[in-house]
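Visitor: Mind folding the following:
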Amino acid sequence: MILRMLERPRKAGVDIDNLFERCNVNPETLKQPHYRIPVATAVELLQRCGFQMQDEFLGLLAAPIPPGYFRQSVLSTVHQPTLGLALARYLEFSNIFFNSLRFELKRKKQIVEIICTRDINNKIKDDIAIECSIAVFHRLTGWLCNELIILNNVELDFSVPTYYKEYHYLFYGAPIQFNSNLNRITFDAHYLDLPIVQTEASAEIFIRRAPLDIFLPQDVQGEMSREIHEALRISFTKSQQPAELQDIAEDMGISTQTIRRKLTKEGTSFNNIKSQVRRDIAMHALGNPELSIEEVAIQAGYSEPAAFIRAFKSWTGFTPAKFRQGVI
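Guide: Predicted coordinates:
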């Protein structure tokens, strides 16, 4: 997927081979089947491309998206009281700048639809523009309310790409329909009533680290995963410590073996979900500039800052301090 995103910058004259060298990427390794560029490296590559092109969408649309668009679009949302109002503001702002795509939010009883329509007069340069737009919207939605937004389904109007396995990470395991007659994601409407918990200070950090959130792995891909994720999130909220598997099993009235078996079937594990919850808590806390790294570590359930720093770097590819500052 990353290589596909770099095709337009290369055609626009960006020296991608030089960027590979500066980012310590060996082009030969990219030819290996199933090779995945480290998250930190992918983010740096895309940020450098966007800076050189002065286009926040890397040449994927009919006309460039000027630097500053994403910052202003995010800042336009954080002062709204609820997620529904924030998303309406974000889509309104995006429709002013996105010359090749138009976005619409529809609420149908208990389901929300976000529809992405192509502009036939200003064609996109690559279908990847659509999936990236949807993914950015989805990550922003979850970040605004600091909640995991579970997608009910994803519909795309193009055929299956060669990197389709990446969609497992891109859309958190949601069912995907290709060759649809439109581009659309749906999720439960109750999310729209959630309060916005972000501020301008945390927004500046979120903006600087983009597009990091698109590439971070997500381990919540099934019903049992979601229940465990929520139980761990609540336990952190109450005591800044994760609940033990045995305690969660007792509260759910099932055995630990049953939980493990179901999580394995969903492609994850208790420890993976616990790490993801800790990561999300830490990322949210790092958005508060008044908190020290030591205080963020405590909120994420670590008594030793050094252990927290090692864990955070394993999750994101960055130290907490680097994450807070931005990539480049």
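
Visitor: for the helix or strand bottoming out on mean pLDDT in the chain, which positions count as buried?
Guide: None of the helices or strands of the chain scores lower by mean pLDDT, DSSP states H and E than helix 167-170, at a mean of 78. Residues of helix 167-170 classed as buried: 167, 169-170 (neighbour count, 16 or more other CB atoms under 10 Å). The C-beta positions use only the backbone N, C-alpha and C, and glycine is treated the same way.

Visitor: So which residues make contact with stretch 167-187?
Guide: Residues from elsewhere that reach stretch 167-187 (CB atoms under 8 Å, 6 or more residues apart in numbering): 1, 111-118, 130-131, 134-135, 137-138, 148-160, 214-215, 217-218, 220-222, 266-267.

Visitor: what does stretch 100-117 give?
Guide: 61-63, 87-88, 91, 94-95, 118-119, 122-124, 129-130, 133-134, 137, 152, 182-192.

Visitor: just for the chain, where's the confidence low?
Guide: 217-221, 326-328 (pLDDT under 70).

Visitor: Do a quick rundown of the strands in it.
Guide: For the chain, strands defined by DSSP state E occupy the ranges 101-108, 111-118, 151-155, 176-177, 183-188.

Visitor: and these as TSV, adding mean neighbour count?
Guide: TSV is the format used below for the strands of the chain (neighbours: other CB atoms under 10 Å):
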stretch	mean neighbour count
strand 101-108	14
strand 111-118	18
strand 151-155	18
strand 176-177	15
strand 183-188	19
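
Visitor: mind checking which of the ones you listed is nearest residue 313?
Guide: Closest of those to residue 313 is strand 151-155, at 28.6 Å (criterion: CB to CB).

Visitor: returning to that earlier point: of the buried residues of helix 167-170, closest to residue 235?
Guide: Distances from residue 235 to the buried residues of helix 167-170, taken as CB to CB, are shortest for residue 169 (25.8 Å).

Visitor: could you measure the closest one against residue 124, distance?
Guide: Residue 169 sits 22 Å away from residue 124, going by CB to CB, to the nearest Å.

Visitor: Helices along the stretch 201-328 of the chain, start to end?
Guide: 212-215, 223-239, 245-252, 256-265, 270-286, 293-299, 305-316, 320-325 (DSSP state H, counting those that start in this stretch).

Visitor: for the stretch 1-150 of the chain, same thing?
Guide: Using DSSP H, counting those that start in this stretch, helices in the stretch 1-150 of the chain cover 2-5, 7-11, 16-22, 39-53, 69-75, 83-97, 128-145.
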